[in-house]
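Peer 1: Below: sequence and its predicted model.
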Amino acid sequence: MSPMKPCKPSTASGKLAVLTPGLGAVSTTFMAGVMMCRRGVSEPLGSLTQLGTIRLGKRSEGRSPKIHELVPLARLEDLCFGAWDIFEDDAYQSAKHAEVLTPEHLALVKDELEKVEPMPAVFSADYVKRLDGKHVKNGNSKMDLARALEDDIARFIKSSGAARGVMVWCGSTEVYLQQGDVHSSLAKFEKGLAANDPGIAPSMIYAYAALRSGLPFANGAPNLTVDIPALQELAKERHLPIAGKDFKTGQTLMKTVIAPALKARMLGLRGWFSTNILGNRDGEVLDDPESFKSKEVSKLGVLEYILQPHLYPKLYGKLFHKVRIEYYPPRGDQKEGWDNLDLIGWLGYPMQMKIDFLCRDSILAAPIVLDLALFMDLAARAKMSGIQEWLSFYFKSPMTAPSLYPEHDLFIQQMKLKNTLRHIAGEELITHLGLDYYE
Ligand SMILES: NC(=O)c1ccc[n+]([C@@H]2O[C@H](COP(=O)([O-])OP(=O)(O)OC[C@H]3O[C@@H](n4cnc5c(N)ncnc54)[C@H](O)[C@@H]3O)[C@@H](O)[C@H]2O)c1
């Protein structure tokens with residue numbers, strides 16, 4: 001099938017299993033939120049799939065349906081949840097530990113959360129140095145572990161009665177890995193699984209098992225995971241969508257709004273210093289320099305691509321960009337992200353901008369997990385396979401075809417996402433040319 005013609009997606013009938021490696025702050029906030037919303041005790045703020053509208057046709061037509069009215073998405077009522085974690089805590093206990101939601105909110109959905117019990121994880125402290133849990137699988141080879149995950153998936157789908165599934169990585173950030181020979185083809189990757197190649201991280205084993213089981217895979221962390229030819233080959237072979245990486249939630253979300261604005265007005269930048277304090281388990285993991293390196297690379301790429309210093313050397317050729325993350329337990333999940341920008345305007349006069357975003361990490365991430373689960377399921381039903389660049393909107397470090405640079409500007413990403421939805425629905429794309437209104 002031509003890539004210009006997606007299939008009309010099949011209807012979203014039956015239950016959708018959302019499986020998350022990692023049952024920590026983000027995944028439990030996502031699950032508890034869906035449970036609260038479907039009981040009618042809260043609203044899904046922050047979720048485009050639940051609240052967003054999409055303009056169709058000309059501005060004069062007044063057609064702006066909800067996104068979920070345009071394309072067939074699974075409903076919140078249809079979702080069921082499964083997870084893996086290295087700790088035995090069920091979703092209620094884990095959410096209590098994470099202290100994102102209040103005890104009063106958790107009490108409302110305690111009965112449902114308690115039923116989400118993590119399956120034993122595929123884990124090695126070689127890839128996440130600050131954690132050590134006992135709820136893990138044993139196997140002679142990484143291939144054995146992949147097969148055990150495939151069994152878990154099959155069992156979960158059967159016992160939950162789900163018609164389809166998706167996997168969203170909500171596990172910890174792994175140490176920085178670079179692409180190597182073992183990642184270069186599916187055949188080499190499978191040999192590597194059998195030979196316990198150290199280049200294969202646990203997150204890759206989950207992704208491999210998901211794709212082999214017919215599940216789309218989205219990567220919420222900056223890990224290499226599906227950003228390798230081997231797993232892209234598997235996704236294509238199985239006609240499944242993949243997407244990544246690293247949820248775009250707080251500081252980077254703002255960066256991809258402010259930087260395009262400055263560039264649009266040809267304002268220069270000499271420096272951009274970003275620092276964060278956070279005290280959740282994610283912060284503890286990122287306190288390890290090797291996991292921080294994965295996050296740092298993911299966060300740093302954004303400005304280089306948006307500002308294009310090779311095209312604008314006078315404006316951005318001397319930019320100094322630094323990103324820090326400090327583990328500071330008193331703050332828990334309530335991250336504070338500071339940015340200092342040193343700008344230059346007309347005739348080279350300096351200016352400064354300070355941003356202080358007092359955000360909540362998992363409150364920003366949870367609706368992204370929901371939207372990704374629903375859109376990845378839609379993509380699978382529309383037979384869209386391989387990298388889903390239209391979902392760049394949700395990622396700090398969007399995956400693209402090897403010959404392309406990633407698009408980071410939030411509003412270009414949004415336009416791409418909405419035009420892809422129009423395309424899936426067989427509606428005309430919107431170019432914003434608009435000359436015909438004046439003819
Ligand atoms: N919250 C945000 O704003 C945000 C933004 C971007 C990315 N992320 C990423 O999302 C991920 C989850 O964040 P979080 O705040 O929920 O962290 P968290 O530490 O609360 O939860 C992660 C969970 O994953 C588990 N885990 C680690 N390795 C595992 C494995 N191999 N298999 C199964 N479970 C495993 C940990 O035990 C932990 O319970 C992190 O990688 C984080 O960097 C979060």
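Peer 2: Yep, that arrived. Residues are numbered from 1 along each chain as shown.

Peer 1: Could you give the average pLDDT over the lengthiest strand in the chain?
Peer 2: Ordering each strand of the chain by length in residues (DSSP state E) puts strand 268-278 first. For strand 268-278, mean pLDDT is 94.

Peer 1: what's in contact with the following helix or strand past it?
Peer 2: Heading C-terminal from strand 268-278, the first helix or strand you meet, by DSSP states H and E, is helix 281-286. For helix 281-286, contacts defined as CB atoms under 8 Å, 6 or more residues apart in numbering pick out 24-26, 98, 128, 130-131, 172-173, 291-292, 295, 325, 327-329, 335, 361. For glycine as for every other residue, the C-beta is placed from the backbone atoms N, C-alpha and C.

Peer 1: And the ligand, is helix 281-286 touching that?
Peer 2: Yes. Counting by CB under 6 Å from any ligand atom, the ligand has neighbours in helix 281-286: R281, D282, V285.

Peer 1: State the mean pLDDT of that helix.
Peer 2: The model assigns helix 281-286 a mean pLDDT of 82.

Peer 1: Stretch 22-37 too?
Peer 2: Rounded mean pLDDT across stretch 22-37 is 98.

Peer 1: cool, and stretch 416-426?
Peer 2: In the prediction, stretch 416-426 has an average pLDDT of 96.

Peer 1: Can you list the buried residues in that stretch?
Peer 2: Residues of stretch 416-426 classed as buried by neighbour count (16 or more other CB atoms under 10 Å): K416, L417, K418, N419, T420, L421, R422, H423, I424, A425.

Peer 1: on that earlier part again, of the contacts of helix 281-286, which belong to helices?
Peer 2: A25, V26, A98, S291, F292, K295, D361 (DSSP state H).

Peer 1: Do I have it right that the second one meets A366?
Peer 2: Yes. Using CB atoms under 8 Å, V26 is in contact with A366, at 6.4 Å.

Peer 1: tally of neighbours for the residue in the stretch 1-150 of the chain that the ligand sits nearest to?
Peer 2: Closest residue of the stretch 1-150 of the chain to the ligand, CB to the nearest ligand atom: G24 (1.8 Å). When counting by other CB atoms under 10 Å, one arrives at 27 neighbours for G24.

Peer 1: what does the stretch 1-150 of the chain put close to the ligand?
Peer 2: Taking CB under 6 Å from any ligand atom as the contact definition, the stretch 1-150 of the chain meets the ligand at 21-26, 84-87, 98, 121-123, 128, 131, 133.

Peer 1: Buried ones among the contacts of helix 281-286?
Peer 2: 24-26, 98, 128, 130-131, 172-173, 291-292, 295, 325, 327, 335, 361.

Peer 1: Closest one to S403 out of the residues you listed, please.
Peer 2: K295 (26.2 Å; CB to CB).

Peer 1: how about the buried ones among the contacts of helix 281-286, which pair is most distant?
Peer 2: Counting by CB to CB, the most remote pair of these is A98 and F292, 20.5 Å apart.

Peer 1: where does the closest residue to P198 other than its chain neighbours fall, phi/psi-wise?
Peer 2: Nearest residue to P198 in three dimensions, chain neighbours excluded: D126, at 7.3 Å (CB to CB, 6 or more residues apart in numbering). D126 adopts backbone torsions of phi -70, psi -20, taken as degrees, to the nearest 10.

Peer 1: Share the number of residues neighbouring D126, please.
Peer 2: 12.

Peer 1: now S13
Peer 2: S13 has 11 nearby residues by other CB under 10 Å.

Peer 1: In a strand, it, correct?
Peer 2: No. When classified by DSSP: H, G, I helix; E, B strand; the rest coil, S13 is found to be coil rather than part of a strand.

Peer 1: Looking at it now. What's its pLDDT?
Peer 2: 92.

Peer 1: repeat for K5
Peer 2: 69.

Peer 1: what does H321 give?
Peer 2: 93.

Peer 1: Run the chain-centre distance for the helix or strand harbouring it.
Peer 2: Taking DSSP H and E as the criterion, H321 maps to strand 320-327. With CA atoms, centre = their mean, to the nearest Å as the basis, strand 320-327 stands 21 Å off its chain's centre.

Peer 1: Direction included, what does it pair up with?
Peer 2: strand 268-278 (parallel) (DSSP bridges).

Peer 1: So for the strand it pairs with, what gets flagged as buried?
Peer 2: Buried residues in strand 268-278, counted by 16+ other CB under 10 Å: G268, L269, W272, S274, N276, I277, L278.

Peer 1: Repeat that for stretch 103-120.
Peer 2: Buried-residue list, stretch 103-120, by 16+ other CB under 10 Å: H105, L106, L108, V109, K110, E112, L113, V116, P118, M119, P120.

Peer 1: same question, stretch 137-154
Peer 2: K137, G139, K142, M143, L145, A146, R147, A148, L149, D152, I153.

Peer 1: again with stretch 342-351
Peer 2: Buried, per 16+ other CB under 10 Å, within stretch 342-351: D342, L343, I344.

Peer 1: can you list the residues of the stretch 251-400 of the chain near the ligand?
Peer 2: Going by CB under 6 Å from any ligand atom, the residues of the stretch 251-400 of the chain near the ligand are N280, R281, D282, V285, D361, S362, L364, A365.
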